[in-house]
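A.B. asks: Structure of the sequence below:
(one chain, ligands or ions: 3)
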Amino acid sequence: MTANSENTGKKVFIKTWGCQMNVYDSTRMQDALEQDGYSATSVIEDADLVLLNTCHIRERAAEKVYSHLGRIRKLKEDRAGTDRPMTVGVTGCVAQAEGREIIARERSVDLVVGPQTYHQLPEILARSKTDGPQVATEYAVEDKFEHMPAAQKKQVQARGVTAFLTVQEGCDKFCTFCVVPYTRGMEVSRPRQQILDEARSLVDAGVREITLLGQNVNAWHGETPSGAAMGLGHLLHELAAVQGIERLRYVTSHPCDMSDDLIEAHRDLDVLMPYLHLPVQAGSDKILKAMNRKHTAAEYLDIIARVREVRPDIAISGDMIVGFPGETDEDFEATMEIVGRTNYAQCYSFKYSKRPGTPGAEMDGQVDEAVKTERLAQLQALLGEQQEAFNRSRIGKTMSVLLEKPGKHADQLIGRSPWLQSVIVPSSIGRIGDIVDVTITDAAPNSLTGESARQAA
Ligand code: SAH
Ligand code: SF4
Ligand code: F3S
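C.D. replies: Ligands and ions are numbered 1, 2, ... in the order given. I've put the predicted structure just below:
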């Protein structure tokens, strides 16, 4: 422990919205602040520093942040003039998109920090105390990963047996509905050695399952020590060889970056879990083209078939959007059809939401809200059936389950199946962090129930 990481009694409260990338960023910000003398609190009233790590992906995200800030303003006002004033910061994708506007609209905000500048957080925080409100949304030239504290033993241990590891950030795909290229910037891959080092430190801290993160994680590319080009498939092979890593996952992938190497990794690596999150968004080629997805429905189905050929038990998951501009009943039918043919184990679905500054927002043929609602309900009914059928198909099967956390009742633990399903088991089965053989006895829409395989045999 360094001198300045002594506990100063200062507390930080972080609220996180959005994707896993934001979850990862929140933990890294927490690490950086812990070195600055802060400890984490889950009670906002106790905090000296409140950070809202925001998401901008769909409408009303920004409005939610403002209404939250309104409530926080009152807390902050109560503390003004006391020896524990409250500092308020907005980070994440709304911070990047709205920038100075946030400070103009909400006087309780002391700092606005975009995702590319988190490594400067302690300095920005210090400046806000002497120079007034700070806005840091420029794309920093230096690599933010280099400057963030590595996942530390003590901290990670407290956070569990599974961990996220960001390997790639940003996106150059410019799907016409999406704000991510604007809020997260260009695609950047983290260097191979940094990833291996962080994976090793996670394992040393007790982590057994690592999920590699990226907006387009399968676009990750790097170099071997001898300078040869390598992709995600190769990286997964190297991580699989790290002693102590029992399970690997990666999310989110784009169909255009689904290389043969990566598909073959699903055949060759036991530690790579049989789960692939591969969003298609829509089933009609006309809509896929208007979305700038750069692939057809047939190409997507071909990838799914190739992955299933090498790994027949793989669970496929995805994301779907209904009501993109120009979507007719016939186009929507094509979405239902691709869902029918893919047969998802799990899939997120959304109504198209107009994002300021994206090409989709300006397109003709915006779809009525009522039509979107109707199509979403129809789609979700089908996806719900598929998910339930997938869960039910596990009944009677024995599988390895990583025990992750306590259950609702004291005599239960919750673990994960290889297919990312939550599995509720009796606590007598083992301890958190153990990987145990479980026989599934029941299935609900969102979880499985099981018992020790030995007991069931
Ligand atoms: N990079 C990932 C996911 C990005 S955002 C990918 O390309 O798959 C996560 C999901 O949010 C997207 O897959 C999409 O289904 C949904 N989404 C993004 N922008 C949206 C919008 N404007 N309206 C509705 N859903 C949106
Ligand atoms: Fe958004 Fe498309 Fe990039 Fe995914 S690939 S982050 S949906 S622009
Ligand atoms: Fe949201 Fe930003 Fe993630 S917009 S989905 S938090 S990249």
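A.B. asks: Now the stretch 1-150 of the chain against ligand 2: closest residue?
C.D. replies: The stretch 1-150 of the chain approaches ligand 2 most closely through residue 57 (8.3 Å), counting by CB to the nearest ligand atom. Yep, even glycine has a C-beta here, placed from its N, CA and C like the rest.
A.B. asks: scratch that, the stretch 201-350 of the chain is what I was asking about
C.D. replies: residue 215 (4.5 Å).
A.B. asks: same question, the stretch 351-457 of the chain
C.D. replies: residue 358 (8.9 Å).
A.B. asks: per-residue confidence at that residue?
C.D. replies: Listed pLDDT for residue 358 reads 96.
A.B. asks: Wait, it touches residue 177, no?
C.D. replies: Yes. Checked against CB atoms under 8 Å, the pair residue 358 and residue 177 is within contact range at 6.2 Å.
A.B. asks: of these two, who's got more company?
C.D. replies: Applying other CB atoms under 10 Å to residue 358 and residue 177 shows that residue 177 carries more neighbours, namely 25 against 19.
A.B. asks: how close does the more buried one sit to residue 421?
C.D. replies: Applying CB to CB, to the nearest Å, one obtains 29 Å for the distance of residue 177 from residue 421.
A.B. asks: got it, and residue 136?
C.D. replies: Distance from residue 136 to residue 421, by CB to CB: 40 Å.
A.B. asks: Can you give me the neighbour number for the nearest residue to residue 447 once chain neighbours are set aside?
C.D. replies: Counting by CB to CB, 6 or more residues apart in numbering, residue 422 is the residue found nearest to residue 447 once chain neighbours are left out, at 4.3 Å. The tally of other residues near residue 422 (other CB under 10 Å) stands at 18.
A.B. asks: Mind listing the residues bridging to residue 422?
C.D. replies: Taking DSSP bridges as the rule, residue 422 bridges to residue 416, residue 447.
A.B. asks: Does it touch residue 412 like I think?
C.D. replies: No. Applying CB under 8 Å, one finds residue 422 not in contact with residue 412, separated by 11.2 Å.
A.B. asks: show me the contacts for the residue of the stretch 1-150 of the chain closest to ligand 2.
C.D. replies: Counting by CB atoms under 8 Å, 6 or more residues apart in numbering, residue 57 touches 18-19, 93, 178-180, 353, 355.
A.B. asks: would CSV of the residues you listed with secondary structure, neighbour count and pLDDT be doable?
C.D. replies: Below are these laid out as CSV (DSSP: H, G, I helix; E, B strand; the rest coil; neighbours: other CB atoms under 10 Å; pLDDT from 0 to 100):
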residue, secondary structure, neighbour count, pLDDT
18, coil, 20, 93
19, coil, 19, 93
93, helix, 26, 95
178, coil, 21, 97
179, coil, 24, 95
180, helix, 22, 95
353, coil, 18, 96
355, coil, 22, 94
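A.B. asks: Buried residues, the helix or strand containing residue 31. List them.
C.D. replies: Counting by DSSP states H and E, the element that carries residue 31 is helix 20-35. For helix 20-35, the buried set under the neighbour-count rule, 16 or more other CB atoms under 10 Å, comprises 21-22, 24-34.
A.B. asks: Just grab the bridge partners of the nearest residue to residue 251 once chain neighbours are set aside for me.
C.D. replies: Sequence neighbours aside, residue 277 is the residue nearest to residue 251 in space, at 4.8 Å (criterion: CB to CB, 6+ apart). Per DSSP bridges, the residues bridged to residue 277 are residue 317.
A.B. asks: distance of residue 277 from residue 98?
C.D. replies: Taken as CB to CB, the span from residue 277 to residue 98 is 29 Å.
A.B. asks: same thing with residue 350?
C.D. replies: 21 Å.
A.B. asks: wait, does stretch 320-340 contact ligand 1?
C.D. replies: Yes. Judged by CB under 6 Å from any ligand atom, stretch 320-340 and ligand 1 are in contact via residue 321.
A.B. asks: Surely residue 338 and residue 285 touch.
C.D. replies: No. Counting by CB under 8 Å, residue 338 sits too far from residue 285 to count as a contact (10.4 Å).
A.B. asks: Check the model's average confidence along stretch 324-332 for me.
C.D. replies: pLDDT averaged over stretch 324-332 gives 98.
A.B. asks: Chain neighbours aside, what residue packs nearest to whatever residue of the stretch 201-350 of the chain ends up closest to ligand 3?
C.D. replies: Nearest residue of the stretch 201-350 of the chain to ligand 3 (CB to the nearest ligand atom) works out as residue 215 at 6.2 Å. Leaving aside its chain neighbours, residue 215 sits nearest to residue 171 (4.4 Å; criterion: CB to CB, 6+ apart).
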